[in-house]
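Chemist: Give the three-dimensional model of this entry:
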Amino acid sequence: MRIALSTGGGDAPGLNAVIRGAVLSAVHRGWSAYGIQRGFGGLLGQDRVVALGPDEVRGITHVGGTILGTTNRSSPFKWPVPQPDGTVAEVDRSDELIAAFQAHGFDALIMIGGDGSLNIAQRLYEKGLAVVGVPKTIDNDVGGTQQTFGFDTAVATATDALDKVHSTAESHGRVMVVEVMGRYAGWIALNAGISGSADVILMPEIPFDMDSVCRKIQEREERGRQFSVVVVAEGAAPRGGARALKGPAAAGGAMERLGGMGEQVAREIERRTGKETRSLTLGHLQRGGSPTTFDRLLALRFGAAAVRCVANKVFGVMVAYQPPGVGHVPLKDVLAKPKLVPLDSDTVSTARDLGVCLGD
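Modeler: Okay, here's the model as predicted:
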């Protein structure tokens, strides 16, 4: 057996651990493993395909990023091709990709990515490619799995930042607004916000009311708490308003760029309350660094489970964390809808019981 691995979309802590888990599991079976560099660029003439063995994956479990490189602009169904007039056309190169895959003699593809990459995996499977998906995103918004690798590390990074922000906020008696990633789901904001003792958590699932936010800050003032910490998910939006965008969707499958809501909230808090308010955007800090122990182990388990799917000829599926084990679910079911924070969840109830303002 010859298997190929691809990492697509944004990077996340644990990608290298998945690669190592899959490669060693393949080698253990006497198979050969290969890495497609830069998404699908290695098969479509923009990069290389490299052999992967024990030497190539030695010592990478704890290393952030991906040794294969990644991109969020490499959908073979919408491949960006620059035109002479300076515009960019989207070209369907999926048949070319499959031909190149077959020319290399590959038997199966393990595709590691978030919802965008998994959507590509499903479409390639429908065209006859033997594909197994691995859920990767710090946003934790992929359905079918209780958790994606990278999420735990991102929450730990955001929580550490909130711990540090608390001391400066209290010292100066100001409001600190911290914007975190998560796209259209509030998993990072909610988990880090509670763990980091935030006073206000704003997330996409609950359109927020600035009156409610400012009332919480003023109530703290009346109790002698001269500072407040506000966590804002990048996809949060005010009631009746729109999300903040840094840019529209780009060619080649890239999604719209969210960002800026933290700064908007900070300006409005200062205008309404008169409190000195500063904003901080954690941004890509949440994607980097060494994965936590949980993410390392989950990623290794995912890599090994993906190879077991190949061995059992189970394709068109995504490996999934279904405690206490790792199983698999059909890709089409995963893609049916994103996994958002359930408003009746224990975690949301815990936030309310602790007195955290959720903006409603």
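Chemist: Tell me where the model's unsure across the protein.
Modeler: For the chain, the stretches with pLDDT under 70 are 247-255.
Chemist: Can you show me the helices along it?
Modeler: Ranges of helices in the chain, per DSSP state H, are 15-28, 94-103, 115-126, 151-172, 187-195, 210-222, 261-273, 293-311, 331-334, 346-353.
Chemist: Go through stretch 163-174 and flag the buried ones.
Modeler: Within stretch 163-174, the residues that count as buried by 16 or more other CB atoms under 10 Å are 165-166, 169, 174. From N, CA and C alone the C-beta is placed, and that goes for glycine too.
Chemist: ok, back up a step: switch the helices of the chain over to CSV; also include distance to L280.
Modeler: Converted to CSV, the helices of the chain look like this (distance: least, CB to CB, whole Å):
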stretch, distance to L280
helix 15-28, 26
helix 94-103, 41
helix 115-126, 27
helix 151-172, 7
helix 187-195, 13
helix 210-222, 17
helix 261-273, 7
helix 293-311, 24
helix 331-334, 33
helix 346-353, 21
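Chemist: just so I know, which of the ones you listed lies nearest L68?
Modeler: Among these, helix 15-28 comes nearest to L68, with 6.9 Å by CB to CB.
Chemist: any idea how far I19 is from L118?
Modeler: To L118, I19 is 17 Å away according to CB to CB, to the nearest Å.
Chemist: now do S171
Modeler: Applying CB to CB, the value for S171 to L118 is 45 Å.
Chemist: Same question for V200.
Modeler: 33 Å.
Chemist: Neighbours of G42, how many?
Modeler: Using other CB atoms under 10 Å, G42 has 23 other residues around it.
Chemist: I'd say it and R48 touch.
Modeler: Yes - counting by CB atoms under 8 Å, G42 does reach R48; the two are 5.2 Å apart.
Chemist: Could you pull up the residues touching T157?
Modeler: Contact analysis of T157 by CB atoms under 8 Å, 6 or more residues apart in numbering lists 282, 285-286, 289.
Chemist: Out of these, grab the one that's most surrounded.
Modeler: Q286 (25 neighbours).
Chemist: thought that one was touching T159?
Modeler: No - counting by CB under 8 Å, Q286 stays clear of T159, with 10.6 Å between them.
Chemist: And the residue nearest the centre of the chain, how close does it get to V341?
Modeler: Closest to where the C-alpha atoms of the chain average out (CA atoms, centre = their mean) is T137, at 2.5 Å. As judged by CB to CB, T137 and V341 stand 14 Å apart.
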